[in-house]
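Trainee: sequence-free structure coming up:
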């Protein structure tokens, strides 16, 4: 799975433009990492699962620099202010200055918290992402969102801070638990559903290869996902409008994650069910037919993702959705589907239809 | 001291431009506050000293909105991550959303921490400053710097986040302890020293009126200080170059504050001595004559500011200066004076001259 050609996608954001380098075995190729870390002082932020696997080759690739590292506990439940402070402590203890760089080695949690630390330390230093989960490779590495959770809600505290570069080593997916690979594929499916019917069809045709870690298939899925996200983000960097399309499934998904407690559901798993609920609500509004909803469900099933929501009750689900950031003046705006491949952000739907969707998915069968 | 005309200075920052409204008695004038807070949901952040004095009139001025408040302990030693979290807790508990607004009612500490909370909450919400100390009125209200301290250094964690408006009620200075008024005047003197000899001369002529809280004198001092800071900031919003001029006295000052422990010295007091050290070093470099240094010292004395540095030793001072954010690749860049009214940011000075300045001011006399 090593030795394949690398592919570079450039995210165009004016003076904050950066490359996403995609390949299998990047961490083993001398110079690939160092070429994208200009700073002399580096703090690698990783976690207890990923660190033992990849910290050593990464550090070897930074030969000649002053490299420190901080290893966080692994899990969404550690994406907290308290853990963030451990990064600040390491930065201060190492006397790192404004020209230092943080390298985030790990999944979305490591990327979010390390990126937020980089956004805030001395009011902003560089950071480079080395995402080691499919979710992070297709989602967290584009868009500049960083942050931590609050007991009252996910990602309530954060900043927009763009990385200097993203180094996506597809070989790291070989050590990723299959459940996390599937959760990452939920986000890949999201890009197809919300923006590109052709890509959705490609996923339907290649889901087996993706699950088998076929490198060309993975490289295409990562690249196309990043392209779609980058195009949407570039037109709406501060999330005022169309960027909200990327939250397909997330409002429902946050409710599921919140209700179960962080960590019980993987983010992608919750988003997967959330997309199914969005499709279901879109059907009730007359935008999708039953066959389209079934097609979404079938793809989730083939990907090995759960399609049954936890029976937390419709009222609780609605309450948990109300805390979501996507609320504007009390009105819950949702991402729905006008058709497969065409998402829409709207508050213009019948509340009764939303309630029916919540009842069907969150209430125990009578 | 009420009823005087208000003066508005507009800070031009493109789409983030905002007004600074300066007047005596603004908080008592119905509509002045509400006119600048568009949000329906407001969290007022204040402290235990200022809250009892001004929270009630401020809240009255926000009649018709949903107003919550959080009262922090008063003091620089509480500008911490832990206290910041209390603001996040209040925001989450009140279920405030992205369209909410934080109003910072207090001095620089309240403004910095509340502004940082606004920068981070849901990745950025509006905030409005109501500065009640002279220091905050002439310094914190322009520039967009927000943040908290770390045990290892001041303002190590923060963000750039511009307020929507600044409402400067000069009447609040009547309840300000005289020592804090004098510390605020240190920053006013800084603007003259670093950028405007004419303003420095005006201060020399009007220091008595400023200490006596004469409204027209205060209004001019605040306006001119904000103008100078705004012009420098507008040309260098992210602090890459000339903005560092505003740090005249701050590198030395940070060492003093750090050595004594936060809170023992007022920021302005430490900066005042820092400016004297900068003048002293500038003299050793042949840029100022002894009379100019004496003129700086005399103005500080007339303002009632300390001119004797704590005897912490030159080595310790240098070490504490080394942790400062203004270090680039290990070289300490300092703000010095080419002449009175003309600051310069430079790393191009004899180390021996710096050491002589530190010895003269930080070592006990033999």
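Mentor: Looks like it arrived, so ask away. Everything numeric here is computed off the predicted structure, so don't read it as measured data. Residues are numbered from 1 along each chain as shown, chains lettered A, B, ... in the order given.

Trainee: now stretch A:176-193: mean pLDDT?
Mentor: Mean pLDDT, stretch A:176-193: 97.

Trainee: Report the buried residues of it.
Mentor: Neighbour counts over stretch A:176-193 (16 or more other CB atoms under 10 Å in any protein chain shown) mark A:176, A:180-193 as buried. Glycine gets a C-beta too; all of them are placed from N, C-alpha and C.

Trainee: Out of those, which sit inside strands?
Mentor: Residues of these located in strands (DSSP state E): none.

Trainee: hmm, which two among those residues are most spread apart?
Mentor: The most widely separated members of these, counting by CB to CB, are A:176 and A:193 (22.8 Å).

Trainee: What's the local residue count around residue A:364?
Mentor: Applying other CB atoms under 10 Å in any protein chain shown, we find 7 residues neighbouring residue A:364.

Trainee: which secondary structure elements does the biggest helix by length in chain A contact?
Mentor: Once chain A is assigned using DSSP state H, the helix that runs over the most residues is helix A:215-234. Identification of packing neighbours for helix A:215-234 by 3 or more CB pairs under 8 Å, 6 or more residues apart in numbering or on different chains; DSSP states H and E yields strand A:7-11, strand A:18-23, helix A:178-195, helix A:197-211.

Trainee: Could I get the pLDDT score of the residue of the stretch 1-150 of chain A at minimum distance from chain B?
Mentor: Here the residue of the stretch 1-150 of chain A nearest chain B is residue A:92; by CB to the nearest CB that distance is 3.6 Å. Residue A:92 carries a pLDDT score of 96 in this model.

Trainee: contacting residues for it?
Mentor: Contact partners of residue A:92, counting by CB atoms under 8 Å, 6 or more residues apart in numbering or on different chains, are B:150-153, B:156.

Trainee: Nearest spatial neighbour of whichever residue of the stretch 151-300 of chain A sits closest to chain B, chain-adjacent residues omitted?
Mentor: When scored by CB to the nearest CB, the stretch 151-300 of chain A has residue A:152 as its residue closest to chain B, at 3.6 Å. Spatial nearest neighbour of residue A:152, excluding adjacent residues (CB to CB, 6 or more residues apart in numbering or on different chains): residue B:92 at 3.6 Å.

Trainee: tell me the SS of that neighbour?
Mentor: At residue B:92 the chain is in helix, as set by DSSP: H, G, I helix; E, B strand; the rest coil.

Trainee: any idea how far it is from residue B:100?
Mentor: 11 Å (CB to CB, to the nearest Å).

Trainee: Equivalent analysis for residue A:77, please.
Mentor: From residue A:77 to residue B:100 the distance is 27 Å (CB to CB).

Trainee: Tell me which of these two has more neighbours.
Mentor: Neighbours per residue (other CB under 10 Å) separate residue A:77 from residue B:100, with residue B:100 holding more: 22 against 14.

Trainee: who's in contact with the more buried one?
Mentor: Applying CB under 8 Å, 6+ apart to residue B:100 gives the contacts B:39-43, B:91, B:125-126.

Trainee: Check those against residue B:278 and report the nearest one.
Mentor: Comparing the contacts of residue B:100 against residue B:278 with CB to CB places residue B:126 closest, at 36.5 Å.

Trainee: Can you report how many residues lie near that closest one?
Mentor: Residue B:126, neighbours per other CB under 10 Å, totals 20.

Trainee: doesn't residue B:162 make contact with it?
Mentor: No: in this structure, residue B:126 is not within contact of residue B:162 by CB atoms under 8 Å, at 9.7 Å.

Trainee: In stretch A:140-156, which residues are buried?
Mentor: A:140-150, A:153-156.

Trainee: So the most centrally placed residue in chain A versus residue A:131, what's the distance?
Mentor: For chain A, the residue sitting closest to the mean C-alpha position, by CA atoms, centre = their mean, is residue A:139 at 3.5 Å. Applying CB to CB, the value for residue A:139 to residue A:131 is 9 Å.

Trainee: just the strands in the stretch 51-200 of chain A please.
Mentor: A:66-72, A:101-106, A:126-131, A:145-150, A:153-160, A:165-169 (DSSP state E, counting those that start in this stretch).

Trainee: And those strands: which comes nearest residue A:291?
Mentor: Per CB to CB, nearest to residue A:291 of the strands of the stretch 51-200 of chain A: strand A:153-160, 33.1 Å.

Trainee: mind listing what's buried in stretch A:201-213?
Mentor: Buried, per 16+ other CB under 10 Å, within stretch A:201-213: A:202-203, A:206-207, A:210-211, A:213.

Trainee: Next, report how far it is displaced from the centre of its chain.
Mentor: 19 Å (CA atoms, centre = their mean, to the nearest Å).

Trainee: Just give the number of residues close to the nearest residue in space to residue A:85 that is not next to it in sequence.
Mentor: Spatial nearest neighbour of residue A:85, excluding adjacent residues (CB to CB, 6+ apart): residue B:81 at 5.8 Å. The tally of other residues near residue B:81 (other CB under 10 Å) stands at 19.

Trainee: How about residue A:318?
Mentor: 16.

Trainee: Now that it has come up, it's in contact with residue A:358, right?
Mentor: Yes: using CB under 8 Å, residue A:318 and residue A:358 qualify as a contacting pair, with a distance of 6.1 Å.
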